[in-house]
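Peer 1: Give me a model of this one.
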Amino acid sequence: MNTRSNRSAAWAVIRLMAVTGMIFVAAGCAGFGAQPWERDLLAEKQMQLEPSAVDAALDAHMYFSKEASSGGAGFGGGGCGCN
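Peer 2: Numbers count the residues shown, from 1 in each chain. Below is the predicted model of the structure:
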């Protein structure tokens, strides 16, 4: 009888440690993201993933026009231009 109560107490401690760990992990992720005073820097043209719309369009055109490309970026068919 004593070993059964020890076993259940051990499981209770393990559960408590697991829940505490999950709370710490969830709380650690709460600080991610841009703060309001940082958003002006992130909105600058140099901080964009693709700062030039022309370059982005040319890259997209080369991507779906390559020989034997099929279905890239939501386009159907191959790169032969027959679709």
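Peer 1: CA only for contacts and neighbour counts going forward, please
Peer 2: Will do.
Peer 1: Show me how far the longest helix along the chain is from its chain's centre.
Peer 2: Taking DSSP state H as the assignment, the helix of the chain that covers the most residues is helix 2-28. With C-alpha atoms, centre = their mean, to the nearest Å as the basis, helix 2-28 stands 30 Å off its chain's centre.
Peer 1: avg pLDDT for the helix or strand following that helix?
Peer 2: Sequence-wise, the next helix or strand downstream of helix 2-28 (DSSP states H and E) is helix 39-42. What helix 39-42 shows for mean pLDDT is 81.
Peer 1: Residues touching helix 39-42, excluding its own?
Peer 2: Helix 39-42 is contacted from outside by Met47, Gln48, using C-alpha atoms under 8 Å, 6 or more residues apart in numbering.
Peer 1: Which positions within the next helix-or-strand element following it qualify as buried?
Peer 2: Downstream of helix 39-42, the next assigned helix or strand under DSSP H and E is helix 53-65. The neighbour-count check on helix 53-65 (16 or more other C-alpha atoms under 10 Å) flags Phe64, Ser65 as buried.
Peer 1: chain center to helix 53-65, what's the gap?
Peer 2: 24 Å.
Peer 1: what about dumping the CA coordinates of it to CSV?
Peer 2: Listed next in CSV are the C-alpha coordinates belonging to helix 53-65 (Å, rounded to 0.1, in the frame of the first residue of the first chain):
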residue,chain,number,x,y,z
ALA,A,53,8.4,45.6,-56.9
VAL,A,54,10.2,45.4,-60.3
ASP,A,55,12.8,42.9,-59.0
ALA,A,56,10.1,40.9,-57.3
ALA,A,57,8.1,40.7,-60.6
LEU,A,58,11.2,39.7,-62.6
ASP,A,59,12.1,37.0,-60.0
ALA,A,60,8.5,35.6,-60.2
HIS,A,61,8.6,35.6,-64.0
MET,A,62,11.9,33.7,-64.0
TYR,A,63,10.6,31.3,-61.4
PHE,A,64,7.6,30.2,-63.3
SER,A,65,9.2,30.5,-66.8
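Peer 1: Perfect, that will be all.
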